[in-house]
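> Sharing a sequence plus its predicted fold:
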Amino acid sequence: MGFVDRLVSLLTLRRKEVNVLVVGLDNSGKSTLLNHFKGDEARPTHTVPTIGFSVEKFQNKNVGFTAFDMSGQGRYRPLWEHYYRDCQGIIFVIDSSDKLRFVVAKDELETLLQHPDIAGRRVPILFFANKMDMKEAMSAVKISAALALDRIGNKPWHICASNALTGEGLGEGIEWLTSQIWDNMDKKR
């Protein structure tokens, strides 16, 4: 990024609107995570399971995010692929305390990565190892190994330990995703 681009970016004269998919198995904390980015007055007091999908908007720096919060229930997972083509980033949320379903999460990730609308694109993927406050939670390093994230060679990815209830780790992850989206924009010019 050149000096003028950086200056314009810092002055927030250049704004980008992007679509991101928020996926993961049911009960991983996707909706709770997105609720954290709402203002205190708009934040619901309790979260209910998403049926189908919902749309949330939030902003980080000069990037406006439209987040498609996709249901993680088995019968709704086939809907994810209908949104792959138009997304500029993916947030994959894992319940770090649900060791029994890591294999299912890995299968869903592999299906996503092999889809024709994703496979050939350099879409950044942010992984949130959520629910780190739980006693039986696995570390982000162990989750990374369980999901074989090191085999993702053609896409930038990052994993953050998080707690969607307190917001711990969420800012770091969104900062990373924002920088990746800006990098992708600069490479397309």
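All right, it came through fine.
> low pLDDT regions in the protein?
Scanning the chain for pLDDT under 70 picks out the ranges 1-14, 39-52, 185-189.
> What segments of it are helices?
Along the chain, counting by DSSP state H, helices occupy 3-10, 30-36, 102-114, 116-119, 140-146, 170-188.
> Adding distance to residue 60 and mean neighbour count, write the ones you listed out as CSV.
No exception for glycine: its C-beta is placed from N, CA and C like everyone else's. Below are the helices of the chain laid out as CSV (distance: least, C-beta to C-beta, whole Å; neighbours: other C-beta atoms under 10 Å):
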stretch, distance to residue 60, mean neighbour count
helix 3-10, 13, 12
helix 30-36, 12, 23
helix 102-114, 23, 16
helix 116-119, 23, 14
helix 140-146, 21, 16
helix 170-188, 5, 17
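> Just send those back as JSON lines, with distance to residue 95 too.
Converted to JSON lines, the helices of the chain look like this (distance: least, C-beta to C-beta, whole Å):
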{"stretch": "helix 3-10", "distance to residue 95": "35"}
{"stretch": "helix 30-36", "distance to residue 95": "10"}
{"stretch": "helix 102-114", "distance to residue 95": "8"}
{"stretch": "helix 116-119", "distance to residue 95": "22"}
{"stretch": "helix 140-146", "distance to residue 95": "10"}
{"stretch": "helix 170-188", "distance to residue 95": "15"}
